[in-house]
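# Need the 3D shape of this:
(chains A and B)
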Amino acid sequence: MNVRIALLLLLWPFASFAQGFAGLGSDAEGFAIPQPDPEFDFPADHGPHPDYRIEWWYLTANLTDANGTSYGLQWTLFRSALAPGEDEGWQSPQVWFAHAAVTTPNAHFATERFARGGTGVAGVVAEPFRAWIDEWAMEGPSIDKLALRAQGPDFAYDMVLDAQGPLVFQGQGGYSVKSAEGQSSYYYSQPFYQITGTLQLPTGPVEVTGHAWLDREWSSQPLSETQTGWDWFSLSFDNGEKMMGFQLRQRDGSQFTASTWIAADGTTTAYPDGAFTAEPLGVTSVAGRDVPTRWRVRLPDRGVDAHVAALNGAAWMPLTIPYWEGPVSISGSHSGVGYLEMTGYE
Amino acid sequence: MSHWRRNPLQLFAFLAGLALATALWSGVQAINAEARASYDAAAATLGEGQYDQIVPVSGDRIAQADFVTLRRAGWLVAPVIEGRLDGVRILGFDPLSSPAGFGTGQGGDPTLLLGDVQVIASEETAANLPPDISVNIDTGIAPNLAVTDIGVAQRLLGRDDLNRLLVLPAQPLVRPDLADVTPHLRLQPASQTADVGELTDSFHLNLTAFGLLSFAVGLFIVYSTIGLAFEQRRGVVRTLRALGVPLPQLIVLMVIEILLLALIGAGLGIILGYVVAAALLPDVAITLRGLYGAEVSGSLQFRLSWWGSGLAIAVLGALAAAAARLWRIARMPLLASARPRAWAMTSRGGHLVQGSCALVLFAAAGFLAGFGQGLLAGFALLGCFLIGAALILPVVISPLLRLAQNGARSPVARWFWADTRQQLPGLSLALMALLLAISANIGVATMVSSFRLTFVSFLDQRLAPELYVQTDGAAAAQEIEARLTSAGADVLPLLVVDMQVANQPARLFGVRVGPTYRNNWIFLDERAEAWDAVAAGTAVVVNEQLARRSGLWLDDQVEITPGRSLPIAAIVADYGNPKGQVIVGESLFGMLYPDVQPRQFGIRTDDAAGVREILTDQLNLPESAITNQAALKAFSLQVFERTFTVTAALNVLTLGVAGFAMLMSLLTLADLRIPQLAPVWALGLTRRSIGRLELLRTVVFAAVVFVFAIPVGLGLAWVLLAIINVEAFGWRLPMFLFPVDYGRLGIYALLAASAAAAWPAWRLMRTPPNALLKVFAHER
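Sure, this is the predicted structure:
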C-alpha cells in the first residue's frame, strides 16, 4: 500500500468518507467540537485551530485571459491533526498538505504537497496573514490583500488578491451543520476577491483576471458515517449575488443539503436541509469512473433554477486523495461562473 | 517396480540422494535469496543509489534549518538522519515527505511511526535496543537496523540535525540553484550501483558455486544408485526380453519410473532444503509463517526461482544419470553375465576414456584460466577443473593400489589390496563424491578464511587510529587539532571530496602522511618511496578498484582536477568498496580544495580514555561524535560473522552428504561382496577381521581421496578468489593457506568415511556363517 495513502486514510476524514470507511472521525478523541452560536475572533481565527482535527484554507478562482478564454485555479492548504494541540519540532501532531490546480478548457494540472508541522516547512500565521507549505504561499498584510503562488512539475501561478466585500458566515453565523445527526463545522468565506496574475502553463505564460472565493472551515467530525460523498457548489452570479450550496449523499440514496444565499453586499441567508437541490444531468467519464459534470441546481426561495456545467469535465484531481474539482459556468434562471467539488465517486 | 520393493535400501538411497542434493541446492539458494533480499532491504532503506542526495560539502551533518530553507525555496527534499544506538543503526526519516516506499524496505507500514510504535526493526535487532524503546517487529527491515520517525531518531540519538536529504524524483517548475540557497551543501547524483552488499555479494556468489558443488555431490549419489539398481536388474531385463517384451517399451517404462522417483526425491529435497535454510537462518518462527503460506515479507518464502531450479536440476540430473545406464542396457547382449569381475575388467577400458576426458577438461580449464573473460568463463573454468579432477580420481587411484598390491608381502595384505582394487569401480562414484565434497570444503574454507584474514588486516590498516572524531565545523576542527596535539596525541585529519576519475565516481582523500600510513597500509604494488611522493604532492595512491576498472597501474597518470594529472605511486587493496579512491597529500589537497575542511579525525594515542576525556569534558564534544576503533572493528566483523556461520554449517552438510554416498555405495555393494568374501573366510580369516579390513579399506580410500582433494580444493579456492571474484567485483582476494584447518577437515572426512563404512562392516561381521557357506552351495 502506498505510504501516503495509508497515512491519509488514517488522517483525513474525507478519505475515510470517500472510501466508505467508518469509524474515524466519529468520535472526537479529545478534539474540540464545534458549538452553535460561535463568536469569531479575527484576525486570530484566520490562523490554525490545532485543537480541532481538520481545517482548511480553500481558495478557488474563475479567471479569464485577454482573449476571453476561461480558466480555473485552486489553492488549498489542509491541516490534519493526529492529536489535539501543538508541539515543538517533529513532535508536532499537526500534518499539513496542500493541493494546487489549474484548469483550462482542455487541460487540467494538479499537484500536491505534504509536510509536518513544527519544523517551519508548513503552517499558518494569522497576523500578518501567512499560509504556506514549501514554496507555496498565500500571504499578505491581511486576509483582504493576498499574494498567492504555487507550482507543480508542469505549471505554476503567481497571483494577487484584493477583497471587495466582507467575510461571509455560512450556516448559522458560521456554524455549519453537515448532517441530520448534527455533525458540524465552523465555516466562513471570503467570496469577494478580485484576482489578477500569471499562469505558467506548458504553452507559455497567460495573464489572467477574475474572481476568487476563499473558504475557511474547521471541525473535528464533519461527516456522518452514513454519508458517502458530497457535491459542493460555490456560484457567483453576474448580478453580484452569490450562492454556496452542497449536498451530502447518504448511503440510502437520500441527500442532506444546505445552502447560503449571499447578497451583493455580503448579507447572508442560510437555508435548511432540502431547500437547495442538485440533480445530475450528465456525466463525464474520467479516471475510470463516471462523474456528474452537468447539474440542475435549484433554490426555489431565490428563484434559482439553473444549469451548471463544467468548463472541463476532466478536472479530476489524481492525487493521494482523488476527487473532482473544477470551474463551472451557470445558465438558466441565473448566469455566472463558479466552482464545483465532488468527492466519493468510485 | 518390484525391484525397488525388494531393495528398499536402494530405493532409499535413490530418493535420499536426490533429496539431499536438491535440499542442499535449494537450501543454499534460499539462504542466498533471503540474504540478498535483506541486503536489498538495507539498500532500499538507505535509499542509496536510488535518489539524488544533498550532502554537506564537508562533514556529514546538515542543520535542520537547511532542510526547511530548501523546502521553502522549492526543493522537494526529504530529511534523513542516521546514527548508532547501542551498536544498532538508527535510521530516521519523515514518512510524509519521503519518496513512496522509502524507509521500510518491503511493504512495511511507516504510518506506525506516527502512532505508539517508536521504531521498526527485526526481532533480532530489537533485542539489542534499550528496553524502554517500543519496537514493532518487521522482518522486512535489514539486520541491525532500526527504522523510525525522524523526530524519534533525533530524540534517541540526542541530536537536532540531519545527515542528508533525499531529492525527490519529481521537482516543481522553478527552483533556484542549490548554490544560491545553501552554498555549504552539494548535490550528490544517484549512484547506479548500490553501495551496500557488494562485499557480501561476493559471498553469495561463492555460496552459489558451493551450492552447485553440493548438488554435484548429490548427483553422484543418484548416479551410483541408479547404476547399481540397473546392474542388479540386468537379470530381470534379460528375462523380460527373452520373454518377448520389446526393448523400447522396457526403456520407456524405466524412464517413467526414474522420472517419478526423481520428482518424489526432488520434492522431498525442496522441503528438506527449506528446513535447512530455515535452520540456518536465524528466524525460524517467522519461517514457519512462510511455510503456512502467509506472505510475510522478509520471512523465508518458497520463491519460485529456487524451488523451480531445484526441481529442474534434480529431474534432469536423475535422467542424465539414468541415460548412461539405459544406454548400456539397450546395448547389452542378451546373454551377457553381470559378474563383478567382468565389471571391473570393462572399467579398465573405461578408465582410458575417463582419463582422456579428464585431460581434455583440464586443458579447457587451463585455456579458460589463461584466456577466459567474464564471470561465465570463470564458472566454466571451475566446472571443467572439478569434473576433470573427479574423473581422473579412479584413474590415479588404480595404479596406486596395484603398486601397493605388488609391494605387499603377506598373502592377506596382497588379497587386501587386490580386493580393494577390485572394489574401486563400484566405489569410484562415491569416492568422486567424497573428493568433490572434501575439495569444496577445502576450497570454501580457504576462501572464507582468506577473506576473513584479509578483511581483518584491512580493518587494521584502515582503522589504525584508536579514536575517530567527528566535528561539525571548521572552528571546532582547528580547536580539536590544536588541543589534542598539545596533549601529545597524533591527529590525522581526513579530507574528502567526491569527484570523477576516468568517468567513474571516485573519492579524493587528502591525508597527512605519517607513520600510521607508512606502517599500516599494505600496497598491492608500489614504487619506491611511494608515501614520500604522495606527501610531496608529486604522486597519488589509488585503490585497486579504480586501477582495475580504468585499466591504470603504477606510473600511469590520473587526472585529479581538470588539467592536473599525477602518476600513480602505489595501488592499495580496498575490499568491498565499489567506489574508486585517489589519495593525495594533505598540502596538495588544501591547494586544490581550499574550502574543504576536515570534519573527521583519526587520533593515534596511547591514552584513548584520556583523549576521550579531553574531547568530551574540555571540548564539549558529544559522546556520539567519538568512535572507538575497537568497537567499529568489532561491529564490522560482526556483519560477516553470520555468513561465516552459514558457510560452516554448509561444510558439515556436504561432508554428511558425501559420507552418505559412501554408506549407500558400501551397503549396495555388501550383498555382492559375500561370494567374494566367502572363500577368504573359508581360508581362515574370521568374520571379525574381514570386517575390520573392510573398515580399513574405506579409511584407506578416504585418506587417498583426501590427499588428492587438497590440491583440488586449493585450485578451487584459487579460482574463486583470483578469477571469479575479480570478474565479479573488480578486486582480487589474496589467498592464504590454513594447514590446520585442512588437517581437521581430513579428520572429519576420515570420520565420515569410517562412519559410513561402520554399518556395512558390522553387518558383515554379523553375517551368519551359513550365508557364507551357501556361496559354495549354489553360486549366483
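# Every contact and neighbour count from this point should use C-alpha atoms.
OK.
# Give me the longest strand you can find in chain B.
Ranked by residue count, the top strand of chain B under DSSP state E comes out as strand B:490-501.
# who does it pair up with?
Under the criterion DSSP bridges, strand B:490-501 sits next to strand B:504-511 (antiparallel), strand B:600-604 (antiparallel) in its sheet.
# Could you dump the ones you listed into a markdown table with mean neighbour count added?
Converted to a markdown table, these look like this (neighbours: other CA atoms under 10 Å in any protein chain shown):
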| stretch | mean neighbour count |
| --- | --- |
| strand B:504-511 | 20 |
| strand B:600-604 | 22 |
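# Now the ones you listed in JSON lines, please, with extra columns for mean pLDDT and distance to A:Glu181.
Shown next, in JSON lines, are the strands paired with strand B:490-501 (pLDDT from 0 to 100; distance: least, CA to CA, whole Å):
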{"stretch": "strand B:504-511", "mean pLDDT": "80", "distance to A:Glu181": "64"}
{"stretch": "strand B:600-604", "mean pLDDT": "77", "distance to A:Glu181": "64"}
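# would JSON lines of these with distance to B:Asp532 be doable?
Below are the strands paired with strand B:490-501 laid out as JSON lines (distance: least, CA to CA, whole Å):
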{"stretch": "strand B:504-511", "distance to B:Asp532": "12"}
{"stretch": "strand B:600-604", "distance to B:Asp532": "20"}
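# pretty sure A:Leu146 contacts A:Ala137?
No: with contacts counted by CA atoms under 8 Å, A:Leu146 stays clear of A:Ala137, the gap being 9.4 Å.
# Low-confidence regions, the stretch 201-346 of chain A specifically.
A:222-224 (pLDDT under 70).
# go again using 80 as the cut-off
Residue ranges of the stretch 201-346 of chain A with pLDDT under 80: A:221-226, A:346.
# Tell me which stretches of it form helices.
Using DSSP state H, counting those that start in this stretch, no helices are assigned anywhere in the stretch 201-346 of chain A.
# what kind of secondary structure is the residue most central in space within chain A in?
Among the residues of chain A, A:Tyr58 comes closest to the average C-alpha position under CA atoms, centre = their mean, at 4.4 Å. Classification of A:Tyr58 by DSSP: H, G, I helix; E, B strand; the rest coil places it in strand.
# before we move on, what about B:Gly355?
Taking three-state DSSP as the rule, one finds B:Gly355 in the helix state.
# if we can go back for a sec, mind listing residues that contact the longest strand of chain B?
For strand B:490-501, contacts defined as CA atoms under 8 Å, 6 or more residues apart in numbering or on different chains pick out B:57-58, B:481, B:484-485, B:505-512, B:558-560, B:580, B:586, B:589, B:596-605.
# can you rerun that using 7 Å?
Contacting residues not belonging to strand B:490-501 are listed as B:481, B:485, B:505-512, B:559-560, B:597-598, B:600-605 [CA atoms under 7 Å, 6 or more residues apart in numbering or on different chains].
# can you check stretch B:397-406 too?
For stretch B:397-406, contacts defined as CA under 7 Å, 6+ apart pick out B:414, B:417-418, B:421.
# Please export the C-alpha coordinates of stretch A:39-57 as PDB.
Provided in PDB are the C-alpha atoms of stretch A:39-57 (Å, rounded to 0.1, in the frame of the first residue of the first chain):
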ATOM      1  CA  GLU A  39     -18.100  34.000  18.300                       C
ATOM      2  CA  PHE A  40     -15.200  34.500  15.900                       C
ATOM      3  CA  ASP A  41     -12.100  36.400  16.900                       C
ATOM      4  CA  PHE A  42     -10.300  38.000  13.900                       C
ATOM      5  CA  PRO A  43      -7.600  38.000  12.800                       C
ATOM      6  CA  ALA A  44      -6.700  35.100  15.200                       C
ATOM      7  CA  ASP A  45      -9.400  32.900  13.600                       C
ATOM      8  CA  HIS A  46      -7.700  33.200  10.200                       C
ATOM      9  CA  GLY A  47      -4.900  31.200  11.900                       C
ATOM     10  CA  PRO A  48      -4.900  27.500  12.700                       C
ATOM     11  CA  HIS A  49      -7.000  25.800  15.400                       C
ATOM     12  CA  PRO A  50      -4.900  22.900  16.400                       C
ATOM     13  CA  ASP A  51      -7.400  21.600  18.900                       C
ATOM     14  CA  TYR A  52      -9.700  20.600  16.000                       C
ATOM     15  CA  ARG A  53      -9.000  17.600  13.900                       C
ATOM     16  CA  ILE A  54      -9.200  19.200  10.500                       C
ATOM     17  CA  GLU A  55      -9.000  22.600   8.900                       C
ATOM     18  CA  TRP A  56      -8.500  24.200   5.500                       C
ATOM     19  CA  TRP A  57      -7.800  27.400   3.700                       C
END
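# Next, the buried residues of it.
Residues of stretch A:39-57 classed as buried: A:46-57 (neighbour count, 16 or more other CA atoms under 10 Å in any protein chain shown).
# Which one of those residues is nearest to chain B?
When the buried residues of stretch A:39-57 are compared for distance to chain B (CA to the nearest CA), A:Arg53 wins out at 15.3 Å.
# Please read off the pLDDT at that closest one from the model.
Confidence at A:Arg53, expressed as pLDDT, is 89.
# if I pick it, what's in contact with it?
Shown in contact with A:Arg53 (CA under 7 Å, 6+ apart): A:31, A:80-81, A:84, A:219-220.
# Among these, which ones lie close to chain B?
Applying CA under 7 Å from any CA of the partner chain, the subset of those adjacent to chain B is empty.
# Remind me which helix or strand B:Ile133 belongs to.
Under the criterion of DSSP states H and E, B:Ile133 resides outside all helices and strands.
# how many other residues sit next to the closest residue in space to it that isn't next to it in sequence?
In space, and not counting its chain neighbours, B:Ile133 is closest to B:Gln118: 6.5 Å by CA to CA, 6 or more residues apart in numbering or on different chains. B:Gln118 is flanked by 21 other residues according to other CA atoms under 10 Å in any protein chain shown.
# again with the one 4 residues further on
When neighbours are defined as other CA under 10 Å, B:Ser122 has 22 of them.
# Make a markdown table out of the buried residues of stretch A:39-57 and add distance to A:His99 and secondary structure.
Conversion of those to a markdown table gives the following (distance: CA to CA, whole Å; DSSP: H, G, I helix; E, B strand; the rest coil):
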| residue | distance to A:His99 | secondary structure |
| --- | --- | --- |
| A:His46 | 19 | helix |
| A:Gly47 | 18 | coil |
| A:Pro48 | 18 | coil |
| A:His49 | 20 | coil |
| A:Pro50 | 20 | coil |
| A:Asp51 | 23 | coil |
| A:Tyr52 | 20 | coil |
| A:Arg53 | 18 | coil |
| A:Ile54 | 15 | strand |
| A:Glu55 | 14 | strand |
| A:Trp56 | 11 | strand |
| A:Trp57 | 11 | strand |
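# got those residues as CSV, with distance to B:Val77 columns?
Output for these, formatted as CSV (distance: CA to CA, whole Å):
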residue, distance to B:Val77
A:His46, 29
A:Gly47, 26
A:Pro48, 25
A:His49, 28
A:Pro50, 26
A:Asp51, 29
A:Tyr52, 29
A:Arg53, 27
A:Ile54, 26
A:Glu55, 25
A:Trp56, 24
A:Trp57, 24
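# Could you give the bridge partners of A:Thr111?
If you apply DSSP bridges, the partners that A:Thr111 bridges to are A:Ala100.
# again with the one 4 residues further on
According to DSSP bridges, the partner residues bridging A:Ala115 are A:Trp96.
# Now for it: which residues touch it?
With the criterion set at CA under 7 Å, 6+ apart, A:Ala115 makes contact with A:95-97, A:121-122, B:96-97.
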